[in-house]
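In: predicted model follows, preceded by the sequence.
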Amino acid sequence: MPEGEYFDSRRFTGLSTLLGVIAVVSLVLCLVGALVNPHQFSYSWLFAFVFFFTLCAGCFFWTIVHHATDADWSVVVRRQLENIAVLLGVLAILFIPILLLRDHLYSWMVIPPGRAPNLDLKRAYLNLHWFLIRAIIFFAFWIIASLLLRRYSSRQDKDGNPLFTIWMRRVSFISLPLFAMCLTFGAFDWMMSLNFRWFSTMFGVYIFAGTAGSSMALLVLVIAALQQAGYLKGIVTLEHYHIMGKWMLAFCIFWAYIGFGQYMLIWYANIPEETQFFLTRNTQSWWVLSMLLVIGRFFVPFAILLMRSIKKNPHQLSILAAWMIFMQMLDMYLIVLPALHGTGVHVSIWDLICLIAIGTTLGFVYLRVVAKTSLFPVRDPRLIESLTTVN
């Protein structure tokens, strides 16, 4: 059994300091943006928030799936999934600007009763009171479950008690349906309700498909970066990269399947309340970005990931993983920003600043979290099977 391997944060003091400084400066700039141009800033912040939220929520999903299915291959990479999942607590704090700027984002919050009949039919769900309650429930679940899983996992490193594996499995079984509900209704509340007239019963599954695929790509980048820094040598092998590449391929296909299914059914039914979402994104300059998403999110990675040599090459797989994360960012951009700029693409400096602010904040906290425990579970009962995984 290998000894535990710990991240030496002293080696990366410069990087951590740089991320902290950039985070502080960009957050101050975001405060200025919220005061100077609150309407544009609110959409830019929501776009950046949901992008990073899908990455962290996806890592939480892979953690609970690992325990629920009693997987062995993912033991050596599970700790990084746990470390990223606990960043959902930071995102709960970063959700506060959305609450403060809610009137700029969600028109249904400011339209009085009787003005929009189709909104009056939805007021039992679309109201500020339940919007706040649901947000509290969502983040409370994600924070408690992710912290419990990481705590049990780190405690098992000390004494190897197999009871922790059972407890983590129980938490995961309870978390699976709750995760599905919280992610779905969170997508309804924070993204789909940007246009209260539009609706899609497949929207939650569509968000999940992008969440799972992009978070697996993020895991590839994190593991490759740690190995580049000299960690996890001989622990994470090419077999593990091969499996992660196959999961990227699987959810690349699943995302395309759900996206096409949603588009085809709305196009075929031709109901004005449903078609308006795609009419906006398929006209003017939005059409170019929509085509880039279709080609770049499915056709390009699908063709490349079919090759085994790519999936077993960490460097090449990391390049493709970075591309898929960029496509996830484009996907969230196409969901959020057309609600503000319906006539065409209008890139704002606040889009970039908000991405930098949230990204560097999460990166700074991650460097603090990753150093507190071993980089992989050292006494998990399935560690030997994971170390010797062969496809």
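Out: Yes, it's here.

In: and the residue located most distally from the centre of the chain, which of the three is it?
Out: Relative to the centre of the chain, and counting by Cα atoms, centre = their mean, the farthest-placed residue is residue 114 at 37.3 Å. Put simply, residue 114 is coil when judged by DSSP: H, G, I helix; E, B strand; the rest coil.

In: from memory it sits against residue 120, does it?
Out: Yes. Using Cβ atoms under 8 Å, residue 114 makes contact with residue 120 at a distance of 6.9 Å. No exception for glycine: its C-beta is placed from N, CA and C like everyone else's.

In: tell me which helix or strand comes right after the lowest-mean-pLDDT helix or strand in the chain.
Out: The weakest-scoring helix or strand in the chain, judged by mean pLDDT, DSSP states H and E, is helix 117-120 (a mean of 90). Sequence-wise, the next helix or strand downstream of helix 117-120 (DSSP states H and E) is helix 128-159.

In: what packs against that next one?
Out: helix 38-68, helix 75-85, helix 88-94, helix 163-190 (3 or more Cβ pairs under 8 Å, 6 or more residues apart in numbering; DSSP states H and E).

In: how about the helix or strand containing residue 316: buried residues?
Out: Using DSSP H and E, residue 316 maps to helix 314-336. By neighbour count on 16 or more other Cβ atoms under 10 Å, the buried set for helix 314-336 is 314, 316-318, 320-321, 323-325, 327-336.

In: check stretch 305-314 too.
Out: Under the neighbour-count criterion of 16+ other Cβ under 10 Å, stretch 305-314 has 305, 310, 311, 312, 313, 314 buried.

In: list the contacts for the fourth one?
Out: With contact taken as Cβ atoms under 8 Å, 6 or more residues apart in numbering, residue 312 is in contact with 238, 241, 242, 245.

In: just those residues: which are in helices?
Out: Taking DSSP state H, the ones among the contacts of residue 312 that sit in helices are 238, 241, 242, 245.

In: quick one: residue 307 from residue 218, how far?
Out: 21 Å (Cβ to Cβ, to the nearest Å).

In: now do residue 72
Out: 22 Å.

In: related to what we said a few turns ago, which one, of the helices and strands packed on helix 128-159, ends up nearest to residue 373?
Out: helix 75-85 (6.6 Å; Cβ to Cβ).

In: next, give phi and psi for the residue farthest from the centre of the chain.
Out: In terms of degrees, to the nearest 10, the main-chain angles of residue 114 are phi 90, psi -10.

In: do you know the pLDDT at it?
Out: Residue 114 is assigned a pLDDT of 87 by the prediction.

In: what does residue 1 give?
Out: So residue 1 comes in at 59 (pLDDT).

In: for the remainder of this discussion, apply numbering that starts at 9.
Out: With the count now opening at 9, the last piece we talked about shows up as residue 9.

In: can I assume residue 75 is in contact with residue 184?
Out: No. Contact criterion Cβ under 8 Å: residue 75 and residue 184 do not qualify, at 9.6 Å.

In: residue contacts, residue 88?
Out: Shown in contact with residue 88 (Cβ under 8 Å, 6+ apart): 67, 227, 230, 231, 234, 378, 383.

In: brain fart, residue 52
Out: Applying Cβ under 8 Å, 6+ apart to residue 52 gives the contacts 41, 356, 358, 359, 361, 362.
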